[in-house]
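Peer 1: My questions are about this predicted structure, shown below with the sequence.
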Amino acid sequence: MDIRKLDVFRKVVELKSFTKAAEAALLTQPTVSEHIRNLEEEVGMKLVDRLGRQTEPTPAGRILYRYAVRMVQLQQEALQAVARFNGTLSGEVRIGASTIPGAFILPRLIASFCRHSPDVRPLVQIGDSKTTGARILDGIDDLGLVGAIWNERGLAWTALFTDTLVLAVPPDHPLAARSSVSVTELCHHPCVLREQGSGTRKVVAWLLEQHGHREADLHEVASLGSNEAVREAVKAGIGLAVLSGRCIAQDVEAGSLAAIALEERGAERPMYLIQRKNRELSPVAAAFVDHLRAAAERDTPPVP
């Protein structure tokens with residue numbers, strides 16, 4: 001099988017679109033369609049279904065996709081190994097991340113890494129922690145950075161960074177002058193929460209339970225599906241919110257929000273590097289992991 005056609009097929013599956021795959025591969029859409037048609041003729045089965053504007057792999061396509069990912073990665077690793085032997089790093093590194101590390105830790109680290117290795121192309125997929133873990137187990141991503149840990153024998157976790165939950169309030173709020181508050185006090189103020197299932201919301205519920213309260217004791221005025229939406233709601237005066245200190249660091253610096261420490265233990269959360277056990281990283285991925293570890297040793301998380 002032609003490795004280039006397999007790479008195009010991989011992009012079609014991941015991007016769920018012939019048009020987006022063509023843009024990513026710097027090809028025309030008819031060329032992408034021709035590559036897929038050639039692969040289907042070679043295997044003798046249909047590989048993708050067009051469902052309206054989206055494309056989904058057939059059962060046979062899902063099987064081929066797993067092998068296509070591995071074959072393209074092996075090609076990348078070969079090229080990277082030769083480049084490293086020649087004293088340079090080049091190629092892709094595929095990184096999965098949950099929201100906080102993906103938005104507030106990885107960007108600056110990718111920038112500093114690429115300044116020294118400009119021929120490296122980082123590909124970052126942001127999603128929830130378990131989806132990130134599944135992509136690593138499936139060989140789609142090389143490594144991940146997440147804020148949760150669970151029982152998965154195929155993965156290895158290393159705590160690298162820390163994130164501290166704080167109470168975000170408008171700068172003119174009466175609590176803004178306080179250095180710290182207890183979670184019990186949250187029950188006396190309108191609160192904006194993340195959606196059900198959010199890691200931040202789970203930590204807030206756990207902190208309340210440790211002090212004899214339930215999540216239902218909070219005066220919830222809104223439930224929003226992103227940190228950005230919650231930040232804007234607090235700025236608008238809708239209510240207070242428990243958020244990542246990293247998430248609101250720039251707002252605090254700009255004076256548009258105030259961050260107040262939570263008195264209870266448990267507000268500090270590790271950010272974990274996750275990798276597939278017993279899998280040797282590509283030269284580029286290994287170099288990026290070294291970069292992450294070095295940055296973690298220097299990291300100082302923002303505090304209120």
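Peer 2: Perfect, I can see it now. Numbers count the residues shown, from 1 in each chain.
Peer 1: Tell me how far Pro59 lies from Gly44.
Peer 2: Applying Cβ to Cβ, to the nearest Å, the value for Pro59 to Gly44 is 14 Å. Using the backbone N, CA and C atoms, a C-beta is placed for each residue, glycine as well.
Peer 1: Could you look up the SS state of Leu27?
Peer 2: What DSSP: H, G, I helix; E, B strand; the rest coil gives for Leu27 is coil.
Peer 1: quick one: what helix or strand has the residue nearest to it when sequence neighbours are not counted in it?
Peer 2: The shortest distance from Leu27 to any non-neighbouring residue, by Cβ to Cβ, 6 or more residues apart in numbering, is to Val8 (7.0 Å). Secondary structure from DSSP states H and E places Val8 in helix 3-15.
Peer 1: Same question for that helix: list its buried residues.
Peer 2: By neighbour count with 16 or more other Cβ atoms under 10 Å, helix 3-15 contains the buried residues 5-15.
Peer 1: hmm, who's touching it?
Peer 2: The contact list for helix 3-15 (Cβ atoms under 8 Å, 6 or more residues apart in numbering) reads 18, 20-21, 24-25, 27, 32, 35-36, 38-39, 47-48, 55, 57, 61, 64-65, 68-69, 71-72, 75, 140.
Peer 1: Give me the buried subset of these.
Peer 2: Using 16+ other Cβ under 10 Å, the buried ones in the contacts of helix 3-15 are 18, 20-21, 24-25, 27, 32, 35-36, 39, 47-48, 55, 57, 61, 64-65, 68-69, 71-72, 140.
Peer 1: Give me the subset of the residues you listed lying in strands.
Peer 2: Among those, the residues falling in strands (DSSP state E) are 48, 55, 57.
Peer 1: Now do the contacts for Cys187.
Peer 2: Per Cβ under 8 Å, 6+ apart, neighbours of Cys187: 213, 217-219.
Peer 1: are any of those residues buried, and which?
Peer 2: Buried residues within those, counting neighbours by 16+ other Cβ under 10 Å: 213, 218.
Peer 1: could the contacts of Cys187 be laid out in a markdown table, adding pLDDT and distance to Leu257?
Peer 2: Shown next, in a markdown table, are the contacts of Cys187 (pLDDT from 0 to 100; distance: Cβ to Cβ, whole Å):
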| residue | pLDDT | distance to Leu257 |
| --- | --- | --- |
| His213 | 89 | 25 |
| Asp217 | 89 | 24 |
| Leu218 | 91 | 19 |
| His219 | 91 | 20 |
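Peer 1: Could I get the contacts of Cys187 in TSV, plus columns for distance to Pro171 and secondary structure?
Peer 2: Shown next, in TSV, are the contacts of Cys187 (distance: Cβ to Cβ, whole Å; DSSP: H, G, I helix; E, B strand; the rest coil):
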residue	distance to Pro171	secondary structure
His213	27	coil
Asp217	27	helix
Leu218	22	coil
His219	21	strand
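Peer 1: ok, so of the contacts of Cys187, who is nearest Ala287?
Peer 2: Ala287 lies nearest to Leu218 out of the contacts of Cys187, by Cβ to Cβ, at 45.0 Å.
Peer 1: which stretches of the stretch 101-250 of the chain have low pLDDT?
Peer 2: Residue ranges of the stretch 101-250 of the chain with pLDDT under 70: none are present.
Peer 1: which residues in it form strands?
Peer 2: Here the stretch 101-250 of the chain has its strands, by DSSP state E, counting those that start in this stretch, at 120-126, 143-146, 155-169, 180-181, 190-194, 219-224, 241-244.
Peer 1: Show me the one of those strands that comes nearest Gly255.
Peer 2: Across the strands of the stretch 101-250 of the chain, Gly255 has its closest neighbour in strand 155-169 (12.5 Å, Cβ to Cβ).
Peer 1: quick one: that closest one to chain centroid distance?
Peer 2: 13 Å (Cα atoms, centre = their mean, to the nearest Å).
Peer 1: Can you tell me the strand partners of it and which way each runs?
Peer 2: Next to strand 155-169 in the sheet, as set by DSSP bridges, lie strand 241-244 (antiparallel), strand 258-262 (antiparallel), strand 268-276 (antiparallel).
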